[in-house]
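Novice: okay, sequence plus prediction incoming.
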Amino acid sequence: MSDQFMTDSQGRQVPVGLVKEIDKLRDQTVRRIAEEAMKMKETLEGFKRRIRDDIYAFVGLSAEQYGKAWGGKKGNITLTTYDGTYRLVVAVDDTITFDERLQVARELIGDCIKKWSDGSRDEIRILVQDAFQVDKAGKVSTGRVLGLRRLDIHDPDWQKAMAAITESIQISGNKQYLRFYERDEQGKYIQIPLDVAAL
């Protein structure tokens with residue numbers, strides 16, 4: 001925004017004199033709050049880096065007590081204060097994707113359903129169709145697909161399909177979460193919210 005023009009949402013330069021006062025005030029309010037939010041984001045990013053480094057330094061020091069070097073940043077860590085008041089948790093979640101063998105599994109399962117369709121097991125058909133449905137991004141639900149492996153079905157073709165699902169699993173990355181807890185009067189650990197919506 002210059003003294004003479006304000007840019008609208010379509011990138012057009014609108015003379016300031018043609019912009020309603022309420023629109024100017026809304027722009028100023030949102031801009032000021034968003035700039036504060038960006039500063040808070042930077043503060044939280046610095047906080048996250050600092051405490052993560054502190055946690056890993058401590059875990060490394062703890063491992064040295066036993067003559068071992070700590071093996072890296074994979075895996076979950078839980079640290080609790082001596083009196084049990086506070087708890088820190090580092091949780092690592094793997095991002096799972098499937099390779100082309102998932103399509104093979106789908107076809108094998110389809111063959112099973114065709115084979116079983118005499119005296120039809122409609123629940124299985126619905127379950128399988130649901131498991132392989134894709135979301136807006138074209139991805140299948142990892143949980144639903146992996147849930148098929150829990151079904152106790154002994155058909156050799158089904159077992160082959162389950163093997164294909166297992167072998168199609170690829171770990172495409174992981175994300176680390178830092179969580180902080182405080183113990184309440186009943187001894188239950190309550191997460192300390194750092195999400196604005198949760199405050």
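Specialist: Received it, and whenever you're ready, just let me know what you need.
Novice: CA only for contacts and neighbour counts going forward, please
Specialist: Noted.
Novice: can you give me the offset of stretch 142-156 from its chain's centre?
Specialist: 23 Å (CA atoms, centre = their mean, to the nearest Å).
Novice: do the same with stretch 3-17
Specialist: Going by CA atoms, centre = their mean, the spacing between the C-alpha centre of stretch 3-17 and its chain's C-alpha centre is 39 Å.
Novice: what is whichever strand in the chain runs longest packed up against?
Specialist: For the chain, the longest strand by residue count, based on DSSP state E, is strand 169-183. Counting contacts by 3 or more CA pairs under 8 Å, 6 or more residues apart in numbering; DSSP states H and E, strand 169-183 packs against strand 86-98, strand 189-191.
Novice: in space, what's closest to Y181 - neighbours in sequence excluded?
Specialist: Q191 (4.2 Å; CA to CA, 6 or more residues apart in numbering).
Novice: list the contacts of the one you found.
Specialist: When contacts are counted by CA atoms under 8 Å, 6 or more residues apart in numbering, Q191 touches 179-182.
Novice: now, of those, which are buried?
Specialist: Buried members of the contacts of Q191, counted by 16 or more other CA atoms under 10 Å: 180-182.
Novice: what about this protein, any weak spots by pLDDT?
Specialist: Along the chain, the model assigns pLDDT under 70 to residues 1-2, 70-75, 117-125, 127-128, 134, 137-138, 199.
Novice: what's the domain layout of it?
Specialist: By the record's domain assignment, the chain is partitioned as 1-72, 74-199 (automatic domain parsing).
Novice: just those domains: most buried one?
Specialist: Of all the domains of the chain, domain 74-199 has the most neighbours on average by mean count of other CA atoms under 10 Å, namely a mean of 14.
Novice: distance of R12 from I171?
Specialist: Distance from R12 to I171, counting by CA to CA, to the nearest Å: 45 Å.
Novice: what's the answer for L108, then?
Specialist: For L108, the distance to I171 equals 23 Å [CA to CA].
Novice: do the same with I165
Specialist: Here the distance between I165 and I171 works out to 13 Å (CA to CA).
Novice: packing partners of the helix ranked longest in the chain?
Specialist: Criterion DSSP state H: the longest helix present in the chain is helix 21-64. Based on contacts counted as 3+ CA pairs under 8 Å, 6+ apart, there is no element that helix 21-64 packs against.
Novice: now it: how far from the chain's centre is it?
Specialist: Between the mean C-alpha location of helix 21-64 and the chain-wide mean there is a distance of 19 Å, by CA atoms, centre = their mean.
Novice: tilt between that helix and strand 86-98?
Specialist: Between the direction of helix 21-64 and that of strand 86-98, the angle (axes from the mean of the first three to the mean of the last three CA atoms, to 10 degrees) works out to 100 degrees.
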